[in-house]
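[1] Give me the fold of what follows.
(chains A and B)
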Amino acid sequence: MLFLRRFSRDVPAMVGLAIVVLVLLVAVLGPLLAPYPADVSASHLARRLKPPSAAYPFGTDNLGRDVLSRVILGARGALTVSLVVVSLAMTIGIPLGLVAGYRGGWMSEGIMRITDAVLALPQLVLALALAQLMSPSLESAMLALALTYWPFFTRIVYAETRRLKSSLFVDALAGIGAGTARIVFLHVLPNTISPIIVRATIGLGFTILTAAVLGFLGMGAAPPAPDWGLSIAQSRSYLPAAWWYATFPGLAILLTVMGFNLLGDGLRDIVDPRLRRSR
Amino acid sequence: MTAPLLELRGLSVSLGGSSGFLRRKTASIRAVNDIDLQLHEGEIFGVVGESGCGKTTLARTILGLQRETAGEILLRGGNVGGRSPERARLARRDIQYVHQDAAAALDPWWSVGATLEEGLQIHAIGARAGRSGQVDAMLLAVGLDASVRGRYPHELSGGQLRRVALARILLLQPSIVILDEPTAGLDMSVQATVLNLLLELRRRLALTYVFISHDISVVERLADRVAVMYLGRVVETAPTADLFAHPKHPYTQALLASAPRLVVGRRAALPIQGDPPSHARVHVGCAFQERCVHAEARCSVEAPLLRATAPGHLVACHLANSSNPVASSRVGQLMPSHIA
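    Numbering: from 1, shown residues only, chains lettered A, B, ... in the order given. Predicted coordinates for the structure are as follows:
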């Protein structure tokens, strides 16, 4: 596999891949890896706010819970949220972009004006408003994020579809008698995949960030969940003395977001055959 | 003579022109204007003319991707005109088109093999199991190795891409193939092999070619009959030898004079002055009058019609008849001041 070899030489992409695999493993094996899996809900007031030590490498929080365990157990939630949000946003955004781009006319105008309207509002503000309208819970936070993230996919797919629609190979396909469905799904869609992948990977990172913000503001995960954003919110009153309480969940967010971005860039390079070299 | 394979009657195509909501109104242009043509089984019909004269639009209209505004298209005597592109392509499966830019006409994401099999799938030609064999045979027929199946368009050279594009069309078993500038952008040696391949395939598969080009010398070598287009109109059509020996229309004469030739002691002439006039304007009289050295008062009033001056030789010029100086003027005399 030629492009796999090429990919393996791409150092930043490999770093990104390593981080993403690590985060995935941590998410899957969370309860096995965490030194104190019970610390999701348990509290040990006797050992509250202890600085990092051999027994508690990331220190303990205000309820005496091991920060390392909570960071590990938080990975699953963060990944689930971002995957659900991004796939939901793609499911809404990509078909709309394809239709708007290929059909043209009033339908295209309608879809794109709605897209513009949603894009015009800051995503976080819109998501906050939506999450507030629904009952504050993790599910409504996810739905709110998906409902505000789809326009990014629509915009990209629309622009690419418009470009491809007037390209010569689509014309040639129409020339040999290919129907619209075949052209759109087998030819236009695969050709839009690299910007979609880049946007989705950035989106995964970005959504982890936004979900953390929602958690921080109390719109997402509810306590005692080991949510990274929620942990940072709870640590506020103990800063700067208990620096470890906010730092390690923050580092977890930083690392995960960075991993997805690096991987996304690398993926784009190998997935686009025009950038792929045969030798 | 047998009935024509393909016949165009008064074919006109207007392009563009929008008047949608919140859009600026733009006038449409007549890219193809009242064209009558007959294409006979087995011939190579050359279409020449400068860029923008409507050659490609004519091809797309014959193909059905562009809907005609007026006129009729008859394939084997049956009317196949007046259909939306998707329906037109079904009715005109027998006519296929090879794009000028073969690299851009192939989906960069699909391997050559998948691209070639796709056409068979669309038209349900052959059994699924036999398709890869068909593809291999066709690749061989266009002079490629079966190993290119797994290659992607960007991995192939210009000449190889032409062959792939040709194979893709020929798999659909057309009887008329429209070749749009099949030699553009190829170096001379590759051009020659592609042209020889085209001739060989025509013989083996009993094809009829419409050969669109602005390379006059290639058309002279290959075509049986030639139509010269100017501003969406056919201004002259004749058997190739006749046309090149006795061009009757001033535009044809100028066009032939402008073709580079290896004749010692003659400098290249600069035969036509000015740019081609805009399609958007409605012309009164002859479309070529502004650039014609022989233009008379009559040319700006009355549009010339195509009429026969010799058997099979049709010219749209008021001055083209045997007693007129234009008709007998040789190419070299057209622009005396430019010839050293």
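
[2] Can you get me a residue count around whichever residue of the stretch 1-150 of chain A sits closest to chain B?
    Nearest residue of the stretch 1-150 of chain A to chain B, counting by Cβ to the nearest Cβ: residue A:106, 8.0 Å away. For the C-beta atoms, the positions are set from N, CA and C on the backbone; glycine is no exception. Here the number of neighbours of residue A:106 (other Cβ atoms under 10 Å in any protein chain shown) works out to 10.

[3] For residue B:79, see how far away it is.
    Separation of residue A:106 from residue B:79 (Cβ to Cβ, to the nearest Å) stands at 33 Å.

[4] Point out the residues in the stretch 51-200 of chain B that sit beside chain A.
    Proximity of the stretch 51-200 of chain B to chain A (Cβ under 8 Å from any Cβ of the partner chain) is limited to residues B:63, B:65, B:85-86, B:89-90, B:93, B:96-97, B:99, B:101, B:104-110, B:118-119, B:122-123, B:152, B:154-155, B:165, B:168-169, B:172.

[5] Could you confirm the residue of the stretch 1-150 of chain A closest to chain B falls within a helix?
    Yes - with DSSP: H, G, I helix; E, B strand; the rest coil as the criterion, residue A:106 is part of a helix.

[6] Can you tell me how far it is from residue A:21?
    Applying Cβ to Cβ, one obtains 47 Å for the distance of residue A:106 from residue A:21.

[7] Over to residue B:210?
    Separation of residue B:210 from residue A:21 (Cβ to Cβ) stands at 57 Å.

[8] Then residue A:77?
    For residue A:77, the distance to residue A:21 under the criterion Cβ to Cβ works out to 18 Å.

[9] Compare the two and say which is more crowded by neighbours.
    Applying other Cβ under 10 Å to residue A:77 and residue A:21 shows that residue A:77 carries more neighbours, namely 23 against 12.

[10] Look up phi and psi at the more buried one.
    When read as degrees, to the nearest 10, the backbone of residue A:77 gives phi -60, psi -50.

[11] is it true that it touches residue A:221?
    Yes - counting by Cβ atoms under 8 Å, residue A:221 is a contact partner of residue A:77 at 6.5 Å.

[12] Find residues that contact each of those two.
    Shared between the contact lists of residue A:77 and residue A:221 (criterion: Cβ atoms under 8 Å, 6 or more residues apart in numbering or on different chains) are residues A:138, A:227.

[13] Next up, the contacts around the residue nearest in space to the middle of chain B.
    For chain B, the residue sitting closest to the mean C-alpha position, by Cα atoms, centre = their mean, is residue B:212 at 2.6 Å. For residue B:212, the residues meeting the contact criterion (Cβ under 8 Å, 6+ apart) are B:46-48, B:55-56, B:58-59, B:178-181.

[14] is it possible to export those residues to CSV including neighbour count, pLDDT and distance to residue B:75?
    Shown next, in CSV, are those (neighbours: other Cβ atoms under 10 Å in any protein chain shown; pLDDT from 0 to 100; distance: Cβ to Cβ, whole Å):
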residue, neighbour count, pLDDT, distance to residue B:75
B:46, 27, 93, 20
B:47, 28, 93, 18
B:48, 27, 91, 24
B:55, 24, 87, 20
B:56, 20, 87, 20
B:58, 27, 91, 15
B:59, 23, 90, 15
B:178, 26, 93, 13
B:179, 28, 92, 18
B:180, 20, 90, 19
B:181, 19, 87, 24
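
[15] just to revisit the earlier point, who does the residue nearest to the centre of chain B bridge with?
    Judged by DSSP bridges, the bridge partners of residue B:212 are residue B:47, residue B:180.

[16] got a list of what residue 211 touches?
    The chain I'm using is chain A. Residues in contact with residue A:211 (Cβ under 8 Å, 6+ apart) are A:78, A:81-82, A:85, A:141-142, A:145, A:220, A:229.

[17] Please refer instead to chain B.
    Neighbouring residues of residue B:211 by Cβ under 8 Å, 6+ apart: B:44-47, B:179, B:182, B:219, B:222-223.

[18] Next one: it from residue B:183, what distance?
    Distance from residue B:211 to residue B:183, by Cβ to Cβ: 10 Å.

[19] joint contacts of these two?
    A shared contact of residue B:211 and residue B:183, defined by Cβ under 8 Å, 6+ apart, is any residue touching both; here there are none.

[20] All the strands of the stretch 101-250 of chain B, residue numbers only.
    Assigned strands in the stretch 101-250 of chain B, in chain order: B:176-180, B:208-212, B:225-230, B:233-239 (criterion: DSSP state E, counting those that start in this stretch).

[21] The longest one pairs with which strands, parallel or anti?
    According to DSSP bridges, strand B:233-239 forms sheet pairs with strand B:225-230 (antiparallel), strand B:313-315 (antiparallel).

[22] any chance of these in TSV, plus mean neighbour count and distance to residue A:15?
    Formatted as TSV, the entries for those read as follows, by neighbours: other Cβ atoms under 10 Å in any protein chain shown; distance: least, Cβ to Cβ, whole Å:
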stretch	mean neighbour count	distance to residue A:15
strand B:225-230	25	60
strand B:313-315	23	72
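
[23] if I read this right, residue B:50 contacts residue B:215, doesn't it?
    No - contact between residue B:50 and residue B:215 fails when scored by Cβ under 8 Å: they sit 11.9 Å apart.

[24] any shared contact partners between those two?
    With the criterion set as Cβ under 8 Å, 6+ apart, the contacts of residue B:50 and residue B:215 do not overlap.

[25] So for residue B:144, what's the pLDDT?
    Per-residue pLDDT puts residue B:144 at 91.

[26] what about chain A, any weak spots by pLDDT?
    Residue ranges of chain A with pLDDT under 70: A:1-3, A:270-279.

[27] Break down it into its helices, ranges please.
    Counting by DSSP state H, chain A has helices at residues A:2-8, A:11-33, A:67-103, A:105-120, A:123-133, A:138-165, A:168-175, A:180-182, A:189-191, A:193-216, A:228-235, A:243-271.

[28] Next, the contact list for the residue sitting nearest the centre point of chain A, please.
    What sits nearest the mean C-alpha location of chain A, by Cα atoms, centre = their mean, is residue A:204, with 1.3 Å. With contacts defined as Cβ under 8 Å, 6+ apart, the neighbours of residue A:204 are A:82-83, A:86, A:260.

[29] ditto for residue A:228
    For residue A:228, the contacting residues are A:71, A:74, A:78, A:208, A:212, A:215, A:249-250, A:252-253, by Cβ under 8 Å, 6+ apart.

[30] what packs against the lengthiest helix in chain B?
    The helix of greatest length in chain B, counted in residues with DSSP H as the criterion, is given as helix B:188-205. Helices and strands in packing contact with helix B:188-205 are listed as helix B:158-170, strand B:208-212, helix B:216-222; criterion 3 or more Cβ pairs under 8 Å, 6 or more residues apart in numbering or on different chains; DSSP states H and E.

[31] 7 Å instead?
    Using 3 or more Cβ pairs under 7 Å, 6 or more residues apart in numbering or on different chains; DSSP states H and E as the contact criterion, the elements in contact with helix B:188-205 are helix B:158-170.

[32] For the helix it packs on, list the C-alpha coordinates in CSV.
    Once side chains and other backbone atoms are set aside, the C-alpha atoms of helix B:158-170 remain, and they are given as CSV (Å, rounded to 0.1, in the frame of the first residue of the first chain):
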residue,chain,number,x,y,z
GLY,B,158,-1.6,12.9,-22.5
GLY,B,159,-1.5,10.3,-25.3
GLN,B,160,-2.5,7.5,-23.0
LEU,B,161,-5.4,9.6,-21.7
ARG,B,162,-6.7,10.2,-25.2
ARG,B,163,-6.7,6.4,-25.7
VAL,B,164,-8.5,5.8,-22.5
ALA,B,165,-11.1,8.5,-23.4
LEU,B,166,-11.5,6.8,-26.8
ALA,B,167,-11.8,3.3,-25.3
ARG,B,168,-14.5,4.6,-22.9
ILE,B,169,-16.6,5.8,-25.8
LEU,B,170,-16.0,2.9,-28.1
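
[33] what packs against it?
    Counting by 3+ Cβ pairs under 7 Å, 6+ apart, helix B:158-170 packs on strand B:95-98, helix B:112-122, helix B:131-141, helix B:188-205.
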